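>>> Predicted coordinates and the sequence they were generated for:
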Amino acid sequence: MSGVPVSAYLALALILFCIGLYGALTKKNTIIVLISIELMLNAVNINLITFSKLGMAPAITGQIFAIFVIAVAAAEVAVGIAILLSLYRNRKTVNIDDMNQLKN
Amino acid sequence: MENAWLIPLFPLLSFLALLLFGKRLKEASAYVGILLTLASLVFSVIVLVGRLTGATYKLEADWLQIGDLQLTVGFEVNQLNALMLVIVSLVSFLVHTYSKGYMHGDQRFPVFYAYLGLFTFAMLGLVLSPNLLQTYIFWELVGVGSFLLIGFYFNKESAKAAAKKAFIMTRIGDVGLFIGMILLFWQTGSFEYDEIFASVHAGEVSGTMITLTAILIFIGAVGKSGQFPLHTWLPDAMEGPTPVSALIHAATMVAAGVYLVATMFPLFAASETAMSTVAIVGAVTAIFAATIGLTQTDIKRVLAYSTVSQLGYMMLALGAAGYAAGVFHLMTHAFFKALLFLAAGSVIHAVHTQDIEKMGGLWKKLSFTAPLFLIGTLAISGVPLFSGFFSKDEILIAAWANGNYILFWLAVIAAFFTAFYMFRLFFMVFSGKARSEMKNVHESPVSMTGPMIVLGILAVVSGYVNTPWFGTFLGDWLVEGNEALGHGHIEGPAWIMIVATVVSLAGIYLAYLMYSKRSISRDWFTSRAPTLYSIVVNKYFIDEIYQTTIVYATKAISLFLRFIEMFLVNGLVQLVTGIVRGLGKTGAKLQNGQIQTYGTVAFLGLAVLLLIFALTGGYLNG
Amino acid sequence: MTVSGEFIAFLALALVAIIGGVLLLNLKKVVHMVVALVFTFLSIAGIYVLLSAEFLAVVQILVYSGAISIIMLFGIMLTKHNDEDEGDSKGGGWRKAFLFLGVLAFGAVFYIGIYNLDFGSAPAALHENNPEQIGIELYSKYVIPFELMSVLLLVAFVGAIVLSRNDEKEEADKE
């Protein structure tokens, strides 16, 4: 019998998610922003796996879902880094404040 | 008659065509203008002939629908309109022809013709309008045309000032017209002449309101027709080219005021006070301008003051219930005054000066112009057998029959002055010896003398359409089928005609003695009453009075308002703009293109929503 | 609540994960931040083990602690940095404060939501032959998403190459 309650896992996920969110919205370095987003995805994964074991209807499906999330995250990071590199080539910066092309 | 609406379109076409292609056509643009106004003239004559036998024709189409209110546009051909159409298009056609010679070599020749086209369009549109609103639109367009033509030589400071003055002074009158128009609309619910007259006739409008609106509309006419006290722009308007003076400031536009009063005659007739106001203003203007005319030395200014004076006559006639007399004089005046102006233009063209002190002895050198000028002078002086005699006689009879004996005698004195100053002008220009050296004095080309001959003939014969001897055909026709307009001809005592003849001949004789035979010294009057003379020669200081009172008062008020504007209004405005600008700046700052800011704002919104949800209907309350 | 070994393990792992996250926010050097996050990823893998997801734990270590972190480090190395993630941009103070409050409120609301949550259902036997179970599910029920995922990865792969390729010609055009 598990001694750790569901809410403990969920709280951990929540804290990590909040950290990731805060980092994603405040950090100036684009790489750190990307990493923060990975952290948020991880928090989501914790939730999925927690529910897969301790949820209302425990099943392996949650883990399958987490696998998909991880795969998508990997793809996202690859593309994200590629975009970052090509941006860096053009603008010589990774500072997110300088990436304001949307303004014009 | 159904196609009367085409008449104003020809000059409009001329205006547009010359505006577009004038630069390429150069002096050939004269033919465009002449041909198109000729087309107008032909149509106008057809319409007039049709109207002589037919009935009033009116066609209207909806323009705007605002609630229950319907505004219409259209045209109407009644007696007055048909007559005015012919007068306007005829004079316009002649002036177009005349200008070909007069304006020859001017750099802005096509522009001049374009403006003439615009003006003619507006004037013809004005006389065709069946309702007040349309009249007002064309009324203003006429003002624009006049402004452009007075300021045609815009390199000349005085011409610029004169154009501005004309525009502003007539605008004072227009405001009156506008208020009157709106009041009438408020009272009767329509701009249509017919409906306005019908409801006035039915007594739906109170007497005070009739008087008020009539006088307000009359103010508009005063501004346009150069009546006292808004007359000062008309003499200044002589800065424009002479054909323009003939067309606008003698025959047509200034007659628009008289035309307006004539059109609105049933309204005026309904108010005793309005009628006497019109009559008094007319008589005062007639004598007042005539006295100024005695002293002027600029040939065009003399004619300008005589125009003011003659317009006063027309107003007097209308005010004295002599509808037919007023319109009759309007017609004859259009012919002989246009003739005088064109002849004066021909003189100016020949000697290149407008100062009559420098002229003299031109009778032999200008063998065409001089007799024509004499015809015009005789006509305006009211010498028997010329047109002016008959129309002036009608006015005097109307004034007498109406019982305004003071106004009658004022008009008689004004007639005396008119004869005197017109012949003073004639003798100073054409008789005696030249008072300055004049080289190359030559007769004007055919394009200039031709129109003058036509007008000369008309100045003689146009009087015979309405005489006490051969029948008052015009007067009877004008009032036919409309009792509100009064009688076509008023029987008056026969001695009035004799008095008028004697007075005009006396004026001529006095002028002859003073300026041709010189048996009476020219200074006879001047030396005896120098103060009076200086007042008159300075045009009663009207301009100076306006300068010191109205202009300064306006300046003071505007200065005061400027301060209010600067501190009060501007402060408020700046407050408002400041707030808006602050908001805008904040908004713009948010739109800084930075994804993190957008994300933050979006997330904060979510957080706030969640908080609200949690605090009100969410988990807490179950 | 009895203090079991599992509980202690959870506490330790959670502590490491959170410390890693906080360090991510507070460290100055970019490389240090990434390294701090590697600890977080590792401890999350531990949490997966506690939740009977051994296969995922391994995947987590491989993908996150391994691949993604390395990619990030490469990214950092390939770009020039002032080495330090110098604090706030101009006028960012207010934004940060607001955001902090917002995140706090967000966390609080959800914490209230999950506080004392217990479904009370019996845990499934997920730990027995975990990879086998996943494999059966993946190749029976979820075979289409699985194949789609392969396409996605291919697209990402090609896209990443196209984007980061150093095209001399284009470069010349731009400059």
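Everything's here; your move. Numbering: from 1, shown residues only, chains lettered A, B, ... in the order given.

>>> secondary structure class for C:Trp94?
Under DSSP: H, G, I helix; E, B strand; the rest coil, C:Trp94 falls in the helix class.

>>> Distance of it relative to B:Ser92?
Separation of C:Trp94 from B:Ser92 (CB to CB, to the nearest Å) stands at 74 Å. Using the backbone N, CA and C atoms, a C-beta is placed for each residue, glycine as well.

>>> So for these two, which sits in the more crowded spot?
Counted by other CB atoms under 10 Å in any protein chain shown, C:Trp94 and B:Ser92 do not tie: B:Ser92 has more neighbours, with 30 against 9.

>>> Averaging pLDDT per element, find the lowest-scoring helix or strand in chain B.
helix B:523-528 (a mean of 65; mean pLDDT, DSSP states H and E).

>>> What's the mean pLDDT across stretch B:252-266?
Per-residue pLDDT over stretch B:252-266 has a mean of 83.

>>> What count of nearby residues applies to B:Leu16?
14.

>>> which SS state does it fall under?
Counting by three-state DSSP, the backbone at B:Leu16 sits in helix.

>>> before we move on, what about B:Phe228?
At B:Phe228 the chain is in coil, as set by three-state DSSP.

>>> List the contacts of it.
For B:Phe228, the contact set (CB atoms under 8 Å, 6 or more residues apart in numbering or on different chains) comprises B:Val222, B:Val281, B:Val284, B:Thr285, B:Phe288, B:Ala289, B:Val308, B:Gly312.

>>> What is the neighbour count of the residue in chain C positioned nearest to chain B?
Using CB to the nearest CB, the closest approach of chain C to chain B is made by C:Gly102 at 4.0 Å. Close neighbours of C:Gly102, defined as other CB under 10 Å, add up to 24.

>>> now swap in A:Met56 and tell me
Using other CB under 10 Å, A:Met56 has 8 neighbouring residues.

>>> can you check B:Glu357 too?
Neighbours of B:Glu357 under the rule other CB under 10 Å: 11.

>>> same question, the one 10 residues further on
Other residues near B:Ser367 number 11, with proximity taken as other CB under 10 Å.

>>> pLDDT wise, what is the residue nearest to B:Val142 when sequence neighbours are not counted at?
Sequence neighbours aside, B:Ala122 is the residue nearest to B:Val142 in space, at 4.4 Å (criterion: CB to CB, 6 or more residues apart in numbering or on different chains). Looking at B:Ala122, its pLDDT stands at 88.

>>> Against which helices or strands is the helix or strand where B:Ala122 lies packed?
B:Ala122 belongs to helix B:109-128 when assigned by DSSP states H and E. In terms of contacts (3 or more CB pairs under 8 Å, 6 or more residues apart in numbering or on different chains; DSSP states H and E), helix B:109-128 is packed against helix B:6-25, helix B:29-53, strand B:69-77, helix B:79-102, helix B:132-150, helix B:253-263.

>>> And the ones you listed, which one averages the lowest pLDDT?
Here the lowest mean pLDDT among the helices and strands packed on helix B:109-128 goes to strand B:69-77, at a mean of 78.

>>> do you know how far C:Tyr48 is from C:Val35?
In terms of CB to CB, C:Tyr48 sits 21 Å off from C:Val35.

>>> B:Ile248 reaches B:Gly143, doesn't it?
No: if you go by CB atoms under 8 Å, B:Ile248 and B:Gly143 don't touch, sitting 10.2 Å apart.

>>> More neighbours: the two, which one.
More crowded of B:Ile248 and B:Gly143, by other CB under 10 Å: B:Ile248, with 29 against 22.

>>> ok, for the more buried one, nearest residue in space, not its chain neighbours?
Nearest one to B:Ile248, counting by CB to CB, 6+ apart, is B:Ser146 at 5.2 Å.

>>> re the thing from before, what about the helix holding B:Ala122, distance to the chain center?
In terms of CA atoms, centre = their mean, to the nearest Å, the centre of helix B:109-128 is set 13 Å apart from its chain centre.

>>> And stretch B:230-245, by the same measure?
10 Å.

>>> per-residue confidence averaged over it?
Per-residue scores along stretch B:230-245 average to 80.

>>> Kindly export that stretch (C-alpha atoms) in PDB.
C-alpha atoms of stretch B:230-245 as PDB (Å, rounded to 0.1, in the frame of the first residue of the first chain):
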ATOM      1  CA  LEU B 230     -24.000  96.100 -47.200                       C
ATOM      2  CA  HIS B 231     -23.200  97.900 -50.500                       C
ATOM      3  CA  THR B 232     -19.500  98.600 -50.000                       C
ATOM      4  CA  TRP B 233     -18.300  95.400 -51.600                       C
ATOM      5  CA  LEU B 234     -19.800  96.200 -55.000                       C
ATOM      6  CA  PRO B 235     -17.700  99.200 -56.000                       C
ATOM      7  CA  ASP B 236     -14.600  97.300 -54.800                       C
ATOM      8  CA  ALA B 237     -15.600  94.400 -56.900                       C
ATOM      9  CA  MET B 238     -14.800  96.500 -59.900                       C
ATOM     10  CA  GLU B 239     -11.200  95.200 -59.500                       C
ATOM     11  CA  GLY B 240     -12.300  92.300 -61.600                       C
ATOM     12  CA  PRO B 241     -12.100  92.300 -65.300                       C
ATOM     13  CA  THR B 242     -14.600  94.600 -66.900                       C
ATOM     14  CA  PRO B 243     -16.600  91.900 -68.700                       C
ATOM     15  CA  VAL B 244     -17.100  90.300 -65.300                       C
ATOM     16  CA  SER B 245     -18.300  93.600 -63.900                       C
END
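
>>> shaky segments in chain A?
A:1-3, A:98-104 (pLDDT under 70).

>>> Show me where it has its helices.
Ranges of helices within chain A are A:6-26, A:30-54, A:61-91, based on DSSP state H.

>>> Save those helices as CSV, and put in mean neighbour count and distance to B:Leu6 too.
Formatted as CSV, the helices of chain A follow (neighbours: other CB atoms under 10 Å in any protein chain shown; distance: least, CB to CB, whole Å):
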stretch, mean neighbour count, distance to B:Leu6
helix A:6-26, 22, 75
helix A:30-54, 24, 75
helix A:61-91, 19, 69
